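Q: Next one to model:
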Amino acid sequence: MTLRVNGADHRLAVEPRVSLLDALRERLHLTGTKKGCDHGECGACTVLLDGQRAKSCLTLAVMQDEAEITTVEGLADGDTPHPMQAAFIRRDAFQCGFCTPGQIMSAIGMLRERSRPSDAEIREGMSGNLCRCSAYPNIVAAIRDVAHGRGGPGDETDERDGERR
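A: Below is the predicted model:
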């Protein structure tokens, strides 16, 4: 089979029971996608499949033969981080960082579903992604920044009121 990951084709021979998560981590060595619960409950393994967020631990690799798969490794444009990555850094929307790739991928997918969500809609939309460090307020702020066109590299938005400086 061929997996198209981050714009590149990868020929793989995998058993039908191999999850997309295991194919990404163990066969393609893309370890940004994390194995958390391995039951689809934590969201650490979230990737984009044809632009839609999906939990790769619940997805069979063989079922993605024609899909465009995007992992956290495929977001940056060279040395320029994706706006969501930049917003997470700027808002300090992580502590240990384990859940961060899944949070970022889910946030990007969610904003494709809802372009300008309220904070309540962000919390609801991200409810499938858990953070053991409880960085939720900063995660919501980072997503809000991107949803409202803020949070990219060099953006000096005031964290208290959202006004650009």
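
Q: Sketch out the low-pLDDT regions of this structure for me.
A: Within the chain, the stretches with pLDDT under 70 are 151-165.

Q: Just the strands from it, written as ranges.
A: 2-5, 8-11, 46-49, 52-55, 68-70 (DSSP state E).

Q: What are the buried residues along the lengthiest helix in the chain?
A: Longest helix of the chain, by residue count under DSSP state H: helix 100-113. Within helix 100-113, the residues that count as buried by 16 or more other CB atoms under 10 Å are 100, 101, 102, 103, 104, 105, 106, 107, 108, 109, 110, 111. (Glycine included, C-beta is placed from N, CA and C.)

Q: With stretch 8-26 instead?
A: 10, 14, 18, 19, 20, 21, 22, 23, 24, 25.

Q: ditto for stretch 44-57
A: 44, 45, 46, 47, 48, 49, 53, 54, 55, 56, 57.

Q: Out of the strands of the chain, which is closest to residue 61?
A: strand 2-5 (6.7 Å; CB to CB).

Q: Give me the contacts around the closest one.
A: 9-12, 23-24, 28, 30, 61, 64-71, 74 (CB atoms under 8 Å, 6 or more residues apart in numbering).
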